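Asks: Next input, structure requested:
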Amino acid sequence: MGLVVDHAAPMSVPGGLYTIQNVLLFYAAGMLPAFIFQVSQGSKILFTAIFTSTILGRELKSYQWIAQPLLAIGMVLLSIKPDSGGTGGGKLHAGDNILLGLILMTIGNMISSFTGIYIEKFLKSNNDPGIWVRNAQLSIFGTCFGAFYALVFSRAQDQPDGMWQGFEYPVVWALVILQALSGFAVAFVMKYADNILKNFGSAASTILTGFVSYALYGEVPSIIAGFGAMMVMFSVITYGGTWNLILDGAGQK
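Replies: Numbers count the residues shown, from 1 in each chain. This is a model prediction of the structure:
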């Protein structure tokens, strides 16, 4: 227990920032049409690249910068769910506030990217106590900040079932466990890879989800999703410098 408490203070920063990010994105989701919300999610990829370069001091080559907007566009196309009207959820409703929603979304994505880079910096430091200790510290601070917001600002205790509303369903507990496991997986990726590769991994998992949905439920991906998958694969090839190797090989012939 002493190891968890020792040097735990730095993890209070991402614990608080993640809470703020979740609140901002929650309000932004209520102000933006689904299509605009999905498109604006792409800015997180660009912010991650910027913070990787400025905070971690990691130099990205020109073709790696080009790969970032390609990945963002691909992710947006993959996330579009065409509805019956073909608008992808882009219709405006009475509660929509586009400008404020975009501002909240941008700030939330910026906070999310910064927090990921912040954690990566600590996980890769020479005196880091380890992934398991950092996860314990982050979960403790995140729980405290989240509970504080739920009790003070959202008045969760005034709801019919309080803060535990919905937890009588096994699927809710299953989702909590899956989220916890994904948190461990992300921590390993941050330590042994980086946040940029995490974004590429998330895109690849989205493509894999499409194949699983087709295999299990017979859901055929849309043409837009197909273009998105090709864009993601193109961005992966671009980020890895494959095109440079091909062009260099062609130039030597």
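Asks: Strands along the stretch 151-253 of the chain, start to end?
Replies: Taking DSSP state E, counting those that start in this stretch as the criterion, the stretch 151-253 of the chain contains no strands.
Asks: Below-threshold pLDDT in it: ranges please.
Replies: Low-confidence segments of the stretch 151-253 of the chain, defined by pLDDT under 70, span residues 154-163, 243-253.
Asks: same thing but at 50, please
Replies: Segments of the stretch 151-253 of the chain classed as low confidence (criterion: pLDDT under 50) are not present in this model.
Asks: was I right about residue 166 contacting residue 173?
Replies: No. At 9.8 Å, residue 166 and residue 173 do not qualify as touching, with contact defined as Cβ atoms under 8 Å. From N, CA and C alone the C-beta is placed, and that goes for glycine too.
Asks: Against residue 97, how distant is the nearest residue to residue 199 once chain neighbours are set aside?
Replies: Sequence neighbours aside, residue 45 is the residue nearest to residue 199 in space, at 5.1 Å (criterion: Cβ to Cβ, 6 or more residues apart in numbering). With the distance defined as Cβ to Cβ, to the nearest Å, residue 45 ends up 25 Å from residue 97.
Asks: Those two: which has the busier surroundings?
Replies: Neighbour comparison, residue 45 and residue 97: the larger count goes to residue 45, with 28 against 14 (by other Cβ atoms under 10 Å).
Asks: picking up where we left off before, what sits against the residue nearest to residue 199?
Replies: With contacts taken as Cβ atoms under 8 Å, 6 or more residues apart in numbering, residue 45 has the following neighbours: 68, 69, 71, 72, 75, 199.
Asks: try it again with 7 Å
Replies: When the contact criterion is Cβ atoms under 7 Å, 6 or more residues apart in numbering, the partners of residue 45 are 68, 71, 72, 75, 199.
Asks: Any chance of the residues you listed in a markdown table with distance to residue 17 as columns?
Replies: Converted to a markdown table, the contacts of residue 45 look like this (distance: Cβ to Cβ, whole Å):
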| residue | distance to residue 17 |
| --- | --- |
| 68 | 22 |
| 71 | 23 |
| 72 | 22 |
| 75 | 22 |
| 199 | 18 |
